[in-house]
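# what shape does this take:
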Amino acid sequence: MGSELGVSDEKILALADYATSPLYSEVERVTLEYADSMTITGREVSDELFSRLRQFYNDDELVELTEIIAWENASSKFNRALRIPSQDLWKRK
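From the prediction side, this is the model:
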């Protein structure tokens, strides 16, 4: 059974291994690598990674993707600082 967003539970459980998991497509892998590079302290988005992203996304799509990732990062830090608990929108079965 998949989540309400159409992503299977199996795929969500394999998220930590997205780089090598056969469950993820190349566009999903590069997108998740981008999210990691934006999120993990001390990492940068390399020119090589940005070039790979441009194979899948046009300028407007890249701006929107970047905004979504940045918003989720800001939200996460805001909630953590104010001790706002998870809303439990996804639960393991």
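# any idea which helix is longest in this protein?
If you go by DSSP state H, the chain has its longest helix at helix 59-81.
# quick one: the helix or strand of the chain with the lowest mean pLDDT to chain centroid distance?
Least confident helix or strand of the chain, by mean pLDDT, DSSP states H and E, is helix 9-13 with a mean of 91. On the basis of Cα atoms, centre = their mean, to the nearest Å, helix 9-13 sits 14 Å off its chain's mean C-alpha point.
# what of stretch 43-55?
So, by Cα atoms, centre = their mean, the centroid of stretch 43-55 is 15 Å from its chain's centroid.
# so what touches it?
30-31, 33-34, 36-38, 62, 65 (Cβ atoms under 8 Å, 6 or more residues apart in numbering). (Each C-beta comes from the backbone N, C-alpha and C, glycine too.)
# one more time with 6 Å, if that's ok
Here stretch 43-55 makes contact (Cβ atoms under 6 Å, 6 or more residues apart in numbering) with 30, 34, 37.
# burial count for residue 17?
Other residues near residue 17 come to 11 when the count uses other Cβ atoms under 10 Å.
# tell me, what's the model's pLDDT at it?
As predicted, residue 17 sits at a pLDDT of 96.
# sketch out the low-pLDDT regions of the chain for me.
1-5, 90-93 (pLDDT under 70).
# quick check: residue 57 is in a strand.
No. Per DSSP: H, G, I helix; E, B strand; the rest coil, residue 57 lies outside any strand segment and is coil.
# what about it, how many neighbours?
18.
# could you do residue 24 as well?
18.
# and what of residue 34?
20.
# same question for residue 47.
8.
# what do you get for residue 14?
By other Cβ under 10 Å, 15 other residues sit near residue 14.
# show me what contacts it?
Residue 14 sits next to 21, 23 when contact means Cβ under 6 Å, 6+ apart.
# how about whichever helix or strand residue 29 is part of: buried residues?
For residue 29, the host element (DSSP states H and E) is helix 26-39. For helix 26-39, burial by neighbour count (16 or more other Cβ atoms under 10 Å) applies to 30-31, 33-35, 38.
# could these go into a markdown table alongside distance to residue 21?
A markdown table is the format used below for those (distance: Cβ to Cβ, whole Å):
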| residue | distance to residue 21 |
| --- | --- |
| 30 | 14 |
| 31 | 14 |
| 33 | 13 |
| 34 | 17 |
| 35 | 15 |
| 38 | 21 |
